[in-house]
Every structure is written in C-alpha cells, then in structure tokens.
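A.B. asks: coordinates only, sequence not included:
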C-alpha cells in the first residue's frame, strides 16, 4: 500500500480505482485505472521512489513530467496529472489501447502507404517537440503506441532533454538512446544537436517500417557502431526511389548535412497523401494560446507535478534528506530567468562573490577561504512551462556548514520576493 495515497479498496487519492497490470519495466508498473469522477479509463504508471533514488534517476523522472506537461499534441501520449505518496509516484496518462508499433513491425514490413501514414504522424509530433525546445533522444518502435483507430502516439520521454540543457558549445553531451537507433555523433561523444539526433532515429524507424529489419545490424555491438558511424547500410530492392532518397538523407552520418524536418516534410515521398490534420498550416491546434498557457500554470500551481508545497526546498516528495548538512535547495518562480540571474548577481555583489553566468545557470565563487577552501555555489534554472521556472542551488565547493549559513542568512532573504508560493498557502516559507 502506498502510504495514505491508496486505501484498502485499491482507490488512489480517492480519485482512481486501480485495475489489472498492463505491463512493467525495471522501475515502473503500468495499470489500467478508472477515474471515479469522470468514469474515464487511464493508464496509471507507478514508479517506486526508493528504487529510482537509489540509481540516481530522480532527475530523469522530474524531466519526464516537465516535458509531458509541455507537449500537448494529438500524436503524443497525454499526461493527465501526477499524484504521489511517500513511497510512490503515479502518472495518470492517456490509455492507448492498440499496443506498440513494434508489435506490428515484428510481423513483417508494412505497406508503403501505411508506413508513410505512421511516419507522417511521427514527424508531426517530433517537429512539435522541437518547436518547444524538447528533444526525445530515445525514438524507437517500442516507444510508439497505436490507439484503437490506428493513430500513432509517441511516449516515454524519460531520456528527453530541453534546449536549456545545452552546454556553452550549444550541444547536448549525454550519451543515451537505444544502440540500433542511436546517431553516430552520440557514439562519438563530441556533443550533438538534439534535433538532428531525433531525425536520425526517425530515419532508422522509417527504414524498419519499410524494410522489416534494422539498417545497422551486427551481433558485435562495436562492429554495429562502426557501421552506424560510417552510415554503412543498404536499402532493400522493394523500396521506392523516393523512399530510398529520403532515408539516405536522414541516415547521413554527417549531422551538418543531414536533412532537416522542414525538408523532410517538403519531400515528395512525405507529401504524398498527407492527412489534413497533419498539414503545417493547422499547427495552431497544438500550440498554446495565452489563455491556455494560463490554464497550464494554474494546474501547476497546485504542483501535482512534484508536490511543490513550499516556495523553497521543493524536493521532500522525492528525497529523504537529513535535516543537517544539506548541500542543495530548490525554489520555484514565475519571474523570468533574467530576474533570477539579476537577483543572484546582487547577492554576489554584497557578499564578495564573483559571478559567471549563462542564460540558464549562474556560478558564484567566494574570494575568501573558509574551513575547506573557497565557497562555490552553482544555480541552474529549469523551465517547467513558459511561465514557471524551478531554480536548483547547489554547493559546488567549500564547506557545507558555511554554505548552509550563507543560504539561510543571505541567499533566502534576498530571493524572498521572487519565490513563488501556492495561493493556498497563508504563511511565507522561512
């Protein structure tokens, strides 16, 4: 039983009735569930806190929640809400009943018209993600679901990244993804463009849809990586000339010359029989109007996402930290990143710290040596949605006690007027 969140009748938070298990992975189980208020069915993904904390995956869980709240699109599985107890996190998600696209492919290659239909929906979803600064980074048929009407739905944003995660060179650097679908520049570990990596994976998916097997195959993973790195593959003879051209441009091992999504969508193969709902001029359907964006912030104000019940220290749901010797703190704000950075610069100026900054991070470096050298503090700014940021402040160097004293006596009071608190809270956090 998940603390007080789930009662003896299998009812979660008095709102969802849990049913049979639909599937499970290493860190999560997925159940059929019914919303007792609306009667609608959902897929309830249940993640054990202790397990993900132990393997250091909590940031990945938080990122997945943040991303799924941002990307509302007909071809992306919708996250309805997130609930939590002391031991578990519950994702109430759109129930997609048609299974994985992988199951369909495992029976053999698809007709070109059907493959094109799925591919058009995939590209529409990924183009939308990229327009929001979100890169999936683990696209494969197992992460593409089909509903009862055969509509494709992208899922599993656990390895996704925001444009905020780019380093100073403008690139992402985390090595991730599934080997057979991963782009050569990710293998090279030299930094990569998240959009171009997703395009490569979409190219592998298109090849698999049309061919019925992978373009880069080898029992030896090192040999397979060599093939990927060289772009060493052959198209089977039954592929049409236009399909071959498109796949070859998508599986270009040079990311600088690899085809863009805009050019994919304007290619003759892609444009053939494009469903009306996917045409570019109807993209407004998927974007937030001002009012819609406001609604999103209001749902987040209760912070069902990560139970942000106080302005400062937003992590009690996820981390059992000791009361002493904390080396990080978090706070939420509706102010722009520039305001956060300005505040931190003011603190640095009055406290004899030097400052290094970028658009989404600030580093404060003390000039005087303490018990364990000079105190260094880093602050990273994460976008939850266009109107809401979470700032994570960490000790980068120096003594933990000195860091905690600095935070409580100087940093928190200075940040007080930009820290967001729920309208339901009547007291100001200390």
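C.D. replies: Nice, I can see it. Not measured: the values here are computed from a predicted model.
A.B. asks: which regions of this structure lie under the pLDDT threshold?
C.D. replies: Counting by pLDDT under 70, the chain contains low-confidence residues at 1-10, 158-177, 274-326, 383-388, 421-430.
A.B. asks: How about the contacts made by the nearest residue to residue 327 once chain neighbours are set aside?
C.D. replies: Excluding its sequence neighbours, the residue lying closest to residue 327 (C-beta to C-beta, 6 or more residues apart in numbering) is residue 395, at 4.5 Å. C-betas here are computed from N, CA, C, even on glycine. By C-beta atoms under 8 Å, 6 or more residues apart in numbering, the residues touching residue 395 are 327, 328, 375, 376, 377, 403.
A.B. asks: Buried ones in whatever helix or strand residue 395 lives in, by neighbour count?
C.D. replies: Element membership for residue 395, per DSSP states H and E: strand 388-397. Using 16 or more other C-beta atoms under 10 Å as the test for burial, strand 388-397 gives 388, 389, 390, 391, 392, 393, 395.
A.B. asks: in this protein, which spans are helices?
C.D. replies: Here the chain has its helices, by DSSP state H, at 49-54, 58-70, 101-105, 112-131, 184-188, 194-211, 221-230, 241-250, 261-265, 268-271, 290-301, 337-350, 400-406, 412-415.
A.B. asks: Enumerate every residue touching residue 336.
C.D. replies: residue 389.
A.B. asks: ok, it to residue 356 distance?
C.D. replies: To residue 356, residue 336 is 20 Å away according to C-beta to C-beta, to the nearest Å.
A.B. asks: Please apply the same query to residue 268.
C.D. replies: 49 Å.
A.B. asks: and if you look at residue 418?
C.D. replies: Relative to residue 356, and taking C-beta to C-beta, residue 418 is found at 21 Å.
A.B. asks: Give me the more crowded residue out of those two.
C.D. replies: Higher neighbour count among residue 418 and residue 356: residue 418, with 19 against 10, using other C-beta atoms under 10 Å.
A.B. asks: For the more buried one, give me its contacts.
C.D. replies: 333, 335, 339, 340, 343.
A.B. asks: Highest neighbour count among those?
C.D. replies: Highest neighbour count within the contacts of residue 418: residue 343, with 22 neighbours (other C-beta under 10 Å).
A.B. asks: what about the closest residue in space to residue 361 that isn't next to it in sequence, how many residues close to it?
C.D. replies: In space, and not counting its chain neighbours, residue 361 is closest to residue 380: 4.9 Å by C-beta to C-beta, 6+ apart. By the criterion of other C-beta under 10 Å, residue 380 has 17 neighbours.
A.B. asks: Residue 380 and residue 360, how far apart?
C.D. replies: For residue 380 relative to residue 360 (C-beta to C-beta), the value is 7 Å.
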